[in-house]
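J.: quick one: sequence plus predicted model below, questions after.
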Amino acid sequence: MIKTDILIIGAGPTGLFTVFEAGLLKLKCHLIDALPQPGGQCSEIYPKKPIYDIPAFPEILAGDLVNNLMKQIESFQPGFTLGERAQTIQTLDDGTFIVTTNKGTQHHAPIVAIAGGLGSFEPRKPPISNITAFEDVGVEYIIRDPELYRDKDVLIAGGGDSALDWSIFLTDIASSVTLVHRRNEFRGALDSVEKVQELKNQGKINLITPAEVVGIVGEDYVTGVMLKQADAISERPCDHFIPLFGLAPKLGPIGDWGLEIEKNAIKVDNTLDYQTNIPGIYAIGDVNTYPGKLKLILCGFHEATLMCQSAYKRIFPDKRYVLKYTTVGGVEGFDGTKKEAPKAVVKAIN
Amino acid sequence: MEDQDIIIHIIDRDGVSHDVVAPTDMNMNLMEVIRSYELAPEGTVGICGGMAMCASCQCYIESDHQLPEMNDDERAMLAEAFHVLDTSRLGCQLAIRPALNGLKVAMAPED
């Protein structure tokens, strides 16, 4: 069981900055995120897009913002459970919480801070009528173990980086790789596109464009797909159909935790500390709602800061505390490092 | 309604038609108009914020207005979106301007 002071659900900018504010209060944090890397939407959807409204950064790439946050919180040694979705929450008699992920990892903390953005990222599933019947028996939306495809005929659909990269990767494992996309142009990284072109020329990837998978064939498992090209539909045999159309956020299991939900977001008390209707559970950043709410990274930073002060008082109700500026107190990491302003040299004037 | 405003007819995902007033001087796009009138639940439209990276604002154009050409981002996103028709456009890429007065669109289903 992982134990921490503040369990943060969601490792986007707001969740990451929470680690810093908590660290100043000597509170340790652990983050859970469904994605395999920290950064949330900034890393997953738009790492190369510039953001212009982060105070004191006239312009910063979303990916760089995440890198900077990771650097800023490094000395507070946050723990991460990545690639797992927070699934259930249990309140213990002492008011603390156990949060369990979809893979069974358990986390115990007196404070839970939900910084889940628009929710956990789930694969976008194409609207093919019989697709759900074949999930895990030949249809996979995420490639977890490439070995599953050894010596198999694999058909991938999609036009972005993951479709291109996996097509390239699987040429060495699968007996055949077919890539299907609705247009001839791909929007992945240029070198990936060129590599696929090269593999196509070598006969190692069957590229079918413009085309679309409109049906799945099989009884107990996938034996082929129905392909639509121009206006003709034909069957193409394969053992696996892997639609890679990116990820979309869904509020998911958090919606069933007994929290008050409004407009697909968690209602919080914004007059005080962004606490939800369940004491000890806070919601900060894009995942929350209150009158006047704005879904901005800079608002998430503010909410995280106030929330940490409240969390401290909840954990240590009898301790006196006043806010200390980092210019005065510096930053004392849990790793033994200390950053502080150099002391002024006082020289006498004779 | 002021001089700089136009009317847009929007059919929501439940098939209900709305005639909404949209300003042409606020640098808004069609996705933002839909959100400002709350014609779809928060979190189901404009998820990426308007970067042509999610297709949650896909609309079908039902009037014969002359629309700006698609840029590469919009074309690429629509190539990976679902429920796409010949009339599909991303609302976030359609700036609200006077020429769109009377535009009629229907929102595409949620993924």
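T.: Arrived safely, thanks for sending.

J.: next one: residue A:187 from residue A:57, what distance?
T.: Counting by C-beta to C-beta, to the nearest Å, the gap from residue A:187 to residue A:57 is 27 Å. The C-beta positions use only the backbone N, C-alpha and C, and glycine is treated the same way.

J.: those two - which one has more neighbours?
T.: residue A:187 (20 against 14; other C-beta atoms under 10 Å in any protein chain shown).

J.: that one is in what secondary structure piece?
T.: Of the helices and strands defined by DSSP states H and E, none includes residue A:187.

J.: right, and it touches residue B:74 too?
T.: No. Contact status for residue A:187 versus residue B:74: not in contact, 10.9 Å apart, counting by C-beta atoms under 8 Å.

J.: for the closest residue to residue A:207 other than its chain neighbours, give me the pLDDT.
T.: Using C-beta to C-beta, 6 or more residues apart in numbering or on different chains and skipping the chain neighbours, the partner closest in space to residue A:207 is residue A:200 (4.7 Å). For residue A:200, the pLDDT comes out at 96.

J.: likewise residue A:118?
T.: Per the predicted model, pLDDT is 88 at residue A:118.

J.: quick one: contacts of the helix or strand of chain B with the lowest mean pLDDT?
T.: Here the helix or strand of chain B ranked lowest by mean pLDDT, DSSP states H and E is helix B:72-78, holding a mean of 92. Helix B:72-78 is contacted from outside by A:159, A:183, A:185, A:187, B:51-55, B:58, B:70, B:84, B:88-90, B:93, using C-beta atoms under 8 Å, 6 or more residues apart in numbering or on different chains.

J.: which one (most neighbours) among those?
T.: Using other C-beta under 10 Å as the neighbour test, the contacts of helix B:72-78 are led by residue B:90, with 30 neighbours.

J.: what does chain B put close to chain A?
T.: B:41-44, B:47-48, B:51, B:53-54, B:56, B:72-73, B:75-76, B:79-80, B:82-84, B:111 (C-beta under 8 Å from any C-beta of the partner chain).

J.: quick one: residue A:110 and chain B, what's the gap?
T.: 29 Å (C-beta to the nearest C-beta, to the nearest Å).

J.: with residue A:251 instead?
T.: Taking C-beta to the nearest C-beta, one finds residue A:251 at 7 Å from chain B.

J.: so what's the closest residue to that residue other than its chain neighbours up against?
T.: Closest residue to residue A:251 apart from its sequence neighbours, by C-beta to C-beta, 6+ apart: residue A:119 at 4.1 Å. Contact analysis of residue A:119 by C-beta under 8 Å, 6+ apart lists A:249-252, A:254, A:287, B:43.

J.: same question for residue A:188.
T.: Residue A:188 neighbours (C-beta under 8 Å, 6+ apart): A:159-161, A:163-165.

J.: ok, of the residues you listed, which one's closest to chain B?
T.: residue A:159 (5.3 Å; C-beta to the nearest C-beta).

J.: surely the closest one is in contact with residue A:192?
T.: No. Residue A:159 lies out of contact with residue A:192 (C-beta under 8 Å); the separation is 11.1 Å.

J.: between those two, which contacts overlap?
T.: residue A:186.

J.: what about chain A, any weak spots by pLDDT?
T.: By pLDDT under 70, chain A has no low-scoring segment.

J.: next to chain B, which bits of it? Give me the list.
T.: Residues of chain A lying near chain B (C-beta under 8 Å from any C-beta): A:41, A:45-46, A:49, A:118-119, A:124-127, A:158-160, A:181-183, A:185, A:187, A:245-246, A:248-249, A:251, A:263-265, A:289.

J.: before we move on, the earlier item: what comes up buried for the least confident helix or strand of chain B?
T.: B:74-78 (16 or more other C-beta atoms under 10 Å in any protein chain shown).

J.: again with stretch A:24-39
T.: Buried, per 16+ other C-beta under 10 Å, within stretch A:24-39: A:24-25, A:27-35, A:38-39.

J.: and what of stretch A:62-69?
T.: Buried residues in stretch A:62-69, counted by 16+ other C-beta under 10 Å: A:62, A:64-67, A:69.

J.: export those residues as a markdown table, with columns for distance to residue A:11.
T.: Compiled in a markdown table, these are given as follows (distance: C-beta to C-beta, whole Å):
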| residue | distance to residue A:11 |
| --- | --- |
| A:62 | 14 |
| A:64 | 16 |
| A:65 | 13 |
| A:66 | 9 |
| A:67 | 13 |
| A:69 | 10 |
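
J.: what segments of chain B are strands?
T.: Here chain B has its strands, by DSSP state E, at B:5-11, B:17-23, B:58-61, B:88-90, B:104-107.

J.: rebuild these as a markdown table, extending it with mean pLDDT and distance to residue A:281.
T.: Shown next, in a markdown table, are the strands of chain B (pLDDT from 0 to 100; distance: least, C-beta to C-beta, whole Å):
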| stretch | mean pLDDT | distance to residue A:281 |
| --- | --- | --- |
| strand B:5-11 | 97 | 37 |
| strand B:17-23 | 96 | 37 |
| strand B:58-61 | 98 | 35 |
| strand B:88-90 | 97 | 36 |
| strand B:104-107 | 98 | 34 |
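
J.: so where's chain B shaky on pLDDT?
T.: Using pLDDT under 70, chain B has no residue that qualifies.

J.: you'd agree residue A:86 is up against residue A:99?
T.: Yes. Residue A:86 lies in contact with residue A:99 (C-beta under 8 Å); the separation is 5.3 Å.

J.: of those two, which one has the most company?
T.: Each of residue A:86 and residue A:99 has its neighbours counted (other C-beta under 10 Å); residue A:86 has more, 27 against 24.

J.: from chain B, how far off is that one?
T.: 18 Å.

J.: so who does that residue touch?
T.: So residue A:86 contacts A:9, A:32, A:99-101, A:116, A:120, A:253-254 (C-beta under 8 Å, 6+ apart).

J.: how about those, which pair is most distant?
T.: Maximum pairwise distance among these (C-beta to C-beta): 15.7 Å, between A:100 and A:116.

J.: neighbour-wise, which of these two wins?
T.: When residue A:100 and residue A:116 are compared for neighbours, residue A:116 comes out ahead with 32 against 17, by other C-beta under 10 Å.

J.: grab the nearest non-local neighbour of residue A:237.
T.: Counting by C-beta to C-beta, 6+ apart, the residue nearest residue A:237 is residue A:224, at 4.2 Å.

J.: the one you found touches residue A:217, doesn't it?
T.: Yes. If you go by C-beta under 8 Å, residue A:224 and residue A:217 touch, sitting 4.1 Å apart.

J.: give the residues shared as contacts by these two.
T.: Counting by C-beta under 8 Å, 6+ apart, the common neighbours of residue A:224 and residue A:217 are residue A:235.

J.: so what's residue A:338 closest to, chain neighbours aside?
T.: Nearest one to residue A:338, counting by C-beta to C-beta, 6+ apart, is residue A:332 at 4.9 Å.
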